[in-house]
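In: got a sequence here, can you model it:
(chains A and B)
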Amino acid sequence: MTAATVDAAAPRTARFDVRRLLRYSGLAGLAMVFVAATGMLETFNNRLLIRPILSMGYLILLSAPFVMGYLVGKRTEIEGVETAPRTSADVVLAIVAGLIAGLITALFAALVDTFPGLRGTFPRMGPQMVSLLTFDRGVGIGFLILPAVAAVLGALGVAMHWLSDRLRKALGVGALTVVSTAIFESVVKDVFDWFSTLPRFLYHTAGGLSVVSAIVLFVVAAGASFFLQGRKVPGLGSLTSADTGERRRSSLIAAAVVLVLTIVLPQLLGGVLNELLTNVGLFLLMGLGLNIVVGYAGLLDLGYVAFFAVGAYTMALLTSPLSAVPFQLNWWQAFPIVLLMAALAGVFVGTPVIRMRGDYLAIVTLGFGEIVRYLFLSDWLSPFFGGAQGVRRIPGIPVGSNEIGGSDITQFVYFTLFFVAIAAYISWRLQDSRIGRAWAAMREDEDIAEAVGIDTVKAKLLAFVTGAVLASFAGALFAAKVGTVFAHSFEIIVSIIILVVVIVGGMGNIAGVAVGALVLIGVLGGPNQPGLLQEFGEYKLLVYGALLIFMMLQKPEGLLPSARRARELHQEEYLQDAWLDKEGRFVGQEQEA
Amino acid sequence: MPLLEIRNLKKSFGGVMAIGGVDLAVEKGEIVSIIGPNGAGKTSLFNVISGIFPPDEGEIIFNGVNIAGHSPSEITKAGIARTFQNVRLFPNLTVLENVKVGQHCRTRRGIWSAIFQTKGYREEERLIEEKAKEILSFFGTRLVGYRFEQPAFVLSYANRRRLEIARAMATEPTLLLLDEPTAGMNPRETAELTELIGKLRSDKGFTVVMIEHDMRVVGEVSDRVVVLDHGVKIAEGTYQEVSTNEDVIEAYLGRPTELRKTTTEEQKA
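Out: Numbering: from 1, shown residues only, chains lettered A, B, ... in the order given. Presented below is the predicted three-dimensional model:
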């Protein structure tokens, strides 16, 4: 056994490892219990994805053993070589782990079944959950089904690694297509309003995909993916490229596509989706502003919602006939004053915190955000801000003789997108400008930035003010859209969600923030706004949290990172390639010698 | 009138006297080396001159103005640039960006001109780029071409030191403070950099004050050598004068009598 001492890592994975088994089965079991105990299974069971066989609740529940199996078979790759060989031990492990995970969940269900009193404390743990976990077969035999299903799914998960990369990817695309088509049923129906044959073919009249259409969709999507793989789609892949030239070209193409879409899309979409798009736009505006503060200048501002509130309240006070302000302006007249007030608020918040850094800055800005909200809410200032009542009857944006507010959402969405375009343009121009470089330097090393001649006090204030002004765009639009502004809309969770949008999307990158806003606000929904997955409702913040943890572990630079941050978080990988030129040739040796 | 005149400069950190009353004058066009054993207060002196710490007492007259207590950015703007003992670049910015950032205090276009892409802004950006490339070409072929777009963390140690000097040059200083510019370099790189330091004066017209431990470098380029120990100046003069000064030898090697005494004490114990 001398070989074992030489290579300590390999034999551990090759033989059956009890610790691994316990870890994976425990994790999968806990995940399943969690899904059942929080009531997700029960709530989402009413949402049928494929009628009559698969509901969203079961999809979430049963994805746990599958993912577990996949992880069991996964090997870390170093420079394209897998660290340890795949063995049949993995298959056995995945099956047994699935079995144990299923047993854990079944035991939990049995526990709930035996002690009906639990329901008093945990209202979700009732007979309905038990019957779902036993697949309606009764407590005895039913408890055996779940472990069996989990074991099979575990085996399927691990089996994925024995398929060729191409086939695996194709199957993934197929499954994703089916699931997303089922989840986004309302969108598909809405968009294909003019061609209703398609949704009529796809969906069951009572909701959910029919079995036939699910199979057809899967085969078509998987087949297309299988045969089209390897052919490069220009644009998309190179958006994350570290090469600046390629990146710029593909960014321009993407920007053109987005521009055309934003002009055409609102006309095709119905009211609900335009409402959603407007929310995405408002959060994108704030995301772009916060991106300047956090992404460019590196100042962690957790009270960013304050500027949004200042913008909304200023607009409300200046335009509403019910406000304490003796005169009344229209939206366009008030807009410059809103920007001015936001800039002042930026200076006001920025000045006292200018000497603080990192954690301290985050905490103090958090406090400022809450102070601003309480001021708007307070009885003391209620003659001006209306206290908990807020300011009501805010008119829309006057265009000609019409006033466009929240009820004319198809027109309003264009205003939002117009201001998003302005904000994106400003961000883009500032990024590579003199002040943008100063921000980048300050983010990297504040002391050194000061030592090479950057007035960091001024640079920080400029970042705060620019961010505040962009947030006030959103505030002014928000006031006109909802017609009533009250302090409840500006809770701390809004600041956090905007930050999550920026982080998940890709800090420091405009397209990244847009993707983040689309994915999070559009699909999941904002703090007070429903998204496409309205079913998530009460579980929205849970999903946000889970997504954030996943991103931080797997892709800390975000979905579409900026070149600089991608380099920063993957320095080692970048260093490996730094000696190669674009064609992969070794470069620079002659100069170094 | 000297370019830089320091009078009775004092700085202590929590009771530890880092600089205890230093007087120093640097004439325009000079290359002055500051040497001394570890903990002598050399880097502290640089930190106080460049404004990172305010002095407790004393005056720093630069170009006829007292700059003591001003912020680092103001002092850089007044014309003093520096490098750091433990190289401190902006690691994720590219080589070119690092030098461009250095020109911040010599340029002035703000947010509005950047948003509207005014003619003046574009012209300034062009000049910044041109100047950055010109500065980098001062170091031969090492930091040009494909290097422009590489992030600074990719560079070798010697190249990082060069880039730091380039960034300091970009602030258009009259006085350049170099903190151990050759530390960690191999003999050939050291020789090359020594030549460059000479060129900094002859070609670029900078006045240079440097902290250096490599006596060959000190002897080769400096007009004058200042020796610090325990925060005070113990000697000053040409390299020849200083290298034979008894106080200096003592500061570096210790007093022979003291050595003997400790050994006898140890033997007793």
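In: quick one, strands of the stretch 151-269 of chain B?
Out: All strands of the stretch 151-269 of chain B, identified by DSSP state E, counting those that start in this stretch, fall at B:175-179, B:207-211, B:224-229, B:232-237.
In: which helices and strands does the third one pack with?
Out: To tie it back to what came earlier, the one meant is strand B:224-229. On a contact count with 3 or more C-beta pairs under 8 Å, 6 or more residues apart in numbering or on different chains; DSSP states H and E, strand B:224-229 meets strand B:31-35, strand B:232-237, helix B:239-243, helix B:246-253. Just so you know, the C-beta spots here come from the backbone N, C-alpha and C atoms, and that holds for glycine as well.
In: and if you look at the last one?
Out: Applying 3+ C-beta pairs under 8 Å, 6+ apart, one finds that strand B:232-237 makes contact with strand B:16-26, strand B:224-229, helix B:239-243, helix B:246-253.
In: could I get those in JSON lines, plus columns for mean pLDDT and distance to residue A:342?
Out: Below are the helices and strands packed on strand B:232-237 laid out as JSON lines (pLDDT from 0 to 100; distance: least, C-beta to C-beta, whole Å):
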{"stretch": "strand B:16-26", "mean pLDDT": "92", "distance to residue A:342": "45"}
{"stretch": "strand B:224-229", "mean pLDDT": "94", "distance to residue A:342": "52"}
{"stretch": "helix B:239-243", "mean pLDDT": "91", "distance to residue A:342": "61"}
{"stretch": "helix B:246-253", "mean pLDDT": "86", "distance to residue A:342": "60"}
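In: let me know which of these is tucked in deepest.
Out: Scoring these by mean neighbour count under mean count of other C-beta atoms under 10 Å in any protein chain shown gives strand B:224-229 as the most buried, with a mean of 23.
In: list the contacts of residue 99.
Out: If you meant another chain, say so; for now it's chain A. Each residue near residue A:99 by C-beta atoms under 8 Å, 6 or more residues apart in numbering or on different chains is listed here: A:25, A:147-148, A:150-151, A:154.
In: oops, wrong one, chain B.
Out: Residues near residue B:99 by C-beta under 8 Å, 6+ apart: B:132, B:135-136, B:163, B:166-167, B:170.
In: do you know the pLDDT at it?
Out: According to the prediction, residue B:99 has pLDDT 96.
In: kindly report the same for residue A:411.
Out: Each residue has a pLDDT score; the one for residue A:411 is 89.
In: around chain B, pick out the residues from chain A.
Out: Counting by C-beta under 8 Å from any C-beta of the partner chain, chain A comes close to chain B at A:244, A:425-426, A:429-430, A:433-438, A:440-441, A:444-445, A:447-456, A:462, A:466, A:564-565, A:567-568, A:571, A:574-575, A:578, A:581, A:587-588, A:591-592.
In: chain A: strands as residue ranges?
Out: Secondary structure of chain A, counting by DSSP state E: strands at A:48-51, A:54-55, A:77-78, A:81-82, A:209-210, A:397-399, A:402-404.
In: closest residue of the stretch 151-269 of chain B to chain A?
Out: Using C-beta to the nearest C-beta, the closest approach of the stretch 151-269 of chain B to chain A is made by residue B:154 at 4.3 Å.
In: pull out the buried members of the residues of chain A next to chain B.
Out: Among the residues of chain A next to chain B, the ones that count as buried by 16 or more other C-beta atoms under 10 Å in any protein chain shown are A:426, A:429-430, A:433-438, A:440-441, A:444-445, A:448-456, A:462, A:466, A:564-565, A:567-568, A:574, A:578, A:588.
In: follow-up on the earlier one: I'd like the helices and strands packed on strand B:232-237 laid out as TSV, including distance to residue A:376.
Out: Listed next are these as TSV, based on distance: least, C-beta to C-beta, whole Å:
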stretch	distance to residue A:376
strand B:16-26	50
strand B:224-229	59
helix B:239-243	69
helix B:246-253	66
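In: and stretch B:202-218, C-alpha only, in PDB?
Out: Output of stretch B:202-218 as PDB, limited to C-alpha atoms (Å, rounded to 0.1, in the frame of the first residue of the first chain):
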ATOM      1  CA  SER B 202      19.400  64.600 -16.700                       C
ATOM      2  CA  ASP B 203      16.600  63.900 -19.100                       C
ATOM      3  CA  LYS B 204      13.500  64.700 -17.200                       C
ATOM      4  CA  GLY B 205      14.800  67.400 -14.800                       C
ATOM      5  CA  PHE B 206      13.500  65.900 -11.600                       C
ATOM      6  CA  THR B 207      15.100  66.500  -8.200                       C
ATOM      7  CA  VAL B 208      15.300  63.100  -6.500                       C
ATOM      8  CA  VAL B 209      15.400  62.100  -2.900                       C
ATOM      9  CA  MET B 210      15.600  58.400  -2.300                       C
ATOM     10  CA  ILE B 211      15.800  55.900   0.500                       C
ATOM     11  CA  GLU B 212      18.200  53.100  -0.500                       C
ATOM     12  CA  HIS B 213      19.900  50.200   1.200                       C
ATOM     13  CA  ASP B 214      22.100  49.200  -1.700                       C
ATOM     14  CA  MET B 215      25.300  51.100  -1.200                       C
ATOM     15  CA  ARG B 216      26.500  50.600  -4.800                       C
ATOM     16  CA  VAL B 217      23.400  52.400  -6.000                       C
ATOM     17  CA  VAL B 218      23.800  55.100  -3.400                       C
END
